[in-house]
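*Asks:* sequence and computational prediction follow.
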Amino acid sequence: MATQKFCLALDLKDDVNLIEEYKKLHENVWPEIKKSIQDSGIEVLDIYCTGNRLFMIIEADVDFTFEKKDKADAANEKVQEWETLMWKFQQALPWAKPGQKWILMDKIFGL
């Protein structure tokens, strides 16, 4: 059972054709990518899109950390291939650090 929730944001390049291609790629995410996500302790990962803005919601087990996920991803050739492909479509948010993709969002309200 997931005990942590994270929300992240990222933009796509503002190009209708690229956005459609990005969505199509996510209809059939490579099995190695799905496995790497699950192996990291992520139990639910949803991505939403409005215009060229992406919003990701992650529900993960208590042992999940972004540091462990980043380390595993760096050592996974297939994840690196996928991430390189995704940069064709993605653009960093204006306040992102160099090379930073998804930005962790701060929760400002809950009900």
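*Replies:* Perfect, I can see it now. All values derive from a computational prediction rather than experimental measurement. Numbering: from 1, shown residues only.

*Asks:* please enumerate the helices of the protein.
*Replies:* 16-25, 31-39, 66-74, 77-86 (DSSP state H).

*Asks:* so how many other residues sit close to residue 36?
*Replies:* 18 (other Cβ atoms under 10 Å). Where you see a C-beta, it was placed from the backbone N, CA and C, and this is true even at glycine.

*Asks:* residue 42 now?
*Replies:* Neighbour count for residue 42, taken as other Cβ under 10 Å: 19.

*Asks:* export the helices of the chain to CSV and tack on mean pLDDT and distance to residue 5?
*Replies:* Output for the helices of the chain, formatted as CSV (pLDDT from 0 to 100; distance: least, Cβ to Cβ, whole Å):
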stretch, mean pLDDT, distance to residue 5
helix 16-25, 97, 24
helix 31-39, 97, 15
helix 66-74, 96, 13
helix 77-86, 97, 22
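
*Asks:* how about the ones you listed in TSV, adding distance to residue 50?
*Replies:* As requested, these are arranged in TSV below (distance: least, Cβ to Cβ, whole Å):
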stretch	distance to residue 50
helix 16-25	11
helix 31-39	23
helix 66-74	24
helix 77-86	18
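
*Asks:* out of the ones you listed, which gets nearest to residue 57?
*Replies:* Of all the helices of the chain, helix 31-39 sits nearest to residue 57, with 12.9 Å by Cβ to Cβ.
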